[in-house]
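In: build me a model:
(one chain, ligands or ions: 2)
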Amino acid sequence: MGKYAQLVVGPAGSGKTTYCRKMYEHLQSIKRKFVHMFNLDPAAEELGYEPSIDIRDLVMVDDVMEECSLGPNGALVEAVEYLIMSTDWLDEVLDDFSDDYLIIDCPGQVELYTHIPVMEKFCRILEQKGYRVVTVYLVDSSRAVARKLDFLASVLSVISTMVALSTPHVTVLSKCDLLPESMSTDDLDSFLFPDPSVLSAEAAMESPHLAPLSSAVSDVVTEFSLVGLFPLNWDDVDSINRVILSVDRCVDYGADEEMDAGFESLDRKEDMEADADFAGGSEWGGISWDGSLLDKGGDITQSSDHFGMEDEGSLDEMD
Ligand SMILES: Nc1nc2c(ncn2[C@@H]2O[C@H](COP(=O)(O)OP(=O)(O)OP(=O)(O)O)[C@@H](O)[C@H]2O)c(=O)[nH]1
Ligand SMILES: [Mg+2]
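Out: Residues are numbered from 1 along each chain as shown. Ligands and ions are numbered 1, 2, ... in the order given. Purely as a prediction, here's the structure:
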């Protein structure tokens, strides 16, 4: 079947552990084989799932804090660095999964992805072991779409991670069930398919002294289509399947076997493939498995019913 890994990253509390658990359950429900959970958060307490691989079997943050006289953040970085150096342990646990699909639940400290190369090294280790790795970056919708400035800040963090990890990449707008009912589809589209002039003008209104910076960032984000966001609502199975399709395309899932592997239960697979082309991930704002930036595809001025919402509808219709 091949070896695949979803590296689930994002800021603290963005929903990574929940994503991993629910993604696992969903992949089980569509009968995808050999899916395993890997907890890479040495400070995790309650996971809500049973990991097949657990960094806490190797190193615990509390022990590192005590032994190295470090605070929680420093100890976490130290613990993940220790993991990277523990090649025997990694060989042992990963070699148990020779033909598998790993969902990797990462810590929320963004410095692991943006400031120090520790997670980048972890990605390279997985790739050397034959894994096709896709980074799934969760952006918490309840924080990122409140203001345009918050959105730009989130997007900058996504781009830093993309550049630092150099893997194929899917950006997911998490917790969409929490978006206010009053938020219209047009409001959401202004984040999903931003018009650079509108985005920069609105950001400038929120913080006039940052206007030139907002404008430059808006241009980069939209011009290069670096971040195509997939809204995810766990109550909306279509939104889950769009994320899976995009992830699959990034890693070329099932290339060695029948392409429809694991999607037997989808009635609307073709529709969703077209939507995934349009919406983001591997063909809009994504990076292919060979690491190259993919061409922008689709017309971003099209209607938004590809997210399960009619143009005039509200987010309720995602349910
Ligand atoms: N309503 C709603 N709540 C969510 C969703 N995903 C996560 N949460 C809640 O958000 C909080 C944080 O979720 P986690 O999954 O622990 O987030 P995390 O990114 O793993 O957090 P850290 O590991 O601490 O960085 C928990 O209270 C979850 O129940 C979602 O899709 N909808
Ligand atoms: Mg977590």
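
In: where are the low-confidence patches of the stretch 1-150 of the chain?
Out: Within the stretch 1-150 of the chain, the segments meeting pLDDT under 70 span 1, 97-99.

In: where along it do the strands fall?
Out: For the stretch 1-150 of the chain, strands defined by DSSP state E, counting those that start in this stretch occupy the ranges 3-9, 35-39, 53-54, 101-105, 131-140.

In: out of the ones you listed, which is closest to Leu94?
Out: Between Leu94 and the strands of the stretch 1-150 of the chain, the shortest gap by Cβ to Cβ is with strand 53-54, which sits at 7.5 Å. Placement of C-beta: from N, CA and C, glycine included.

In: quick check: residues of the stretch 1-150 of the chain near ligand 2?
Out: Lys16, Thr17 (Cβ under 5 Å from the ion).

In: quick check: residues of the stretch 1-150 of the chain near ligand 1?
Out: For the stretch 1-150 of the chain, the residues in contact with ligand 1 (Cβ under 6 Å from any ligand atom) are Gly10, Ala12, Gly13, Ser14, Gly15, Lys16, Thr17, Thr18, Asp41, Gly108.

In: mind redoing it with 8 Å?
Out: Counting by Cβ under 8 Å from any ligand atom, the residues of the stretch 1-150 of the chain close to ligand 1 are 10-22, 41, 43-44, 105, 107-108, 138, 142.

In: buried subset of these as a ChimeraX selection?
Out: Listed next is the ChimeraX selection for buried residues among these, using 16 or more other Cβ atoms under 10 Å:
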select :10,11,14,15,16,17,18,19,20,21,22,41,43,44,105,107,108,138,142
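
In: narrow the residues of the stretch 1-150 of the chain next to ligand 1 to those in helices?
Out: When DSSP state H is applied, these are split such that Lys16, Thr17, Thr18, Tyr19, Cys20, Arg21, Lys22, Ser142 fall in helices.

In: relative to Trp89, which of the residues you listed is nearest.
Out: Closest approach between those and Trp89, by Cβ to Cβ: Cys20, at 20.9 Å.

In: could you give the bridge partners of the closest residue to that closest one other than its chain neighbours?
Out: Computed as Cβ to Cβ, 6 or more residues apart in numbering, the closest residue to Cys20 that is not its neighbour in sequence is Asp105, at 4.3 Å. Note on Asp105: beta-bridge partners Val8, Asn39, judged by DSSP bridges.

In: so what's Asp105 up against?
Out: The contact partners of Asp105, by Cβ atoms under 8 Å, 6 or more residues apart in numbering, come to Val8, Lys16, Thr17, Cys20, Met37, Phe38, Asn39, Leu40, Asp41, Ala44, Leu47, Pro51.

In: nearest residue to the third one in space, please, no chain neighbours.
Out: So the one you mean is Thr17. Sequence neighbours aside, Asp105 is the residue nearest to Thr17 in space, at 5.4 Å (criterion: Cβ to Cβ, 6+ apart).

In: thanks again, I'm all set now.
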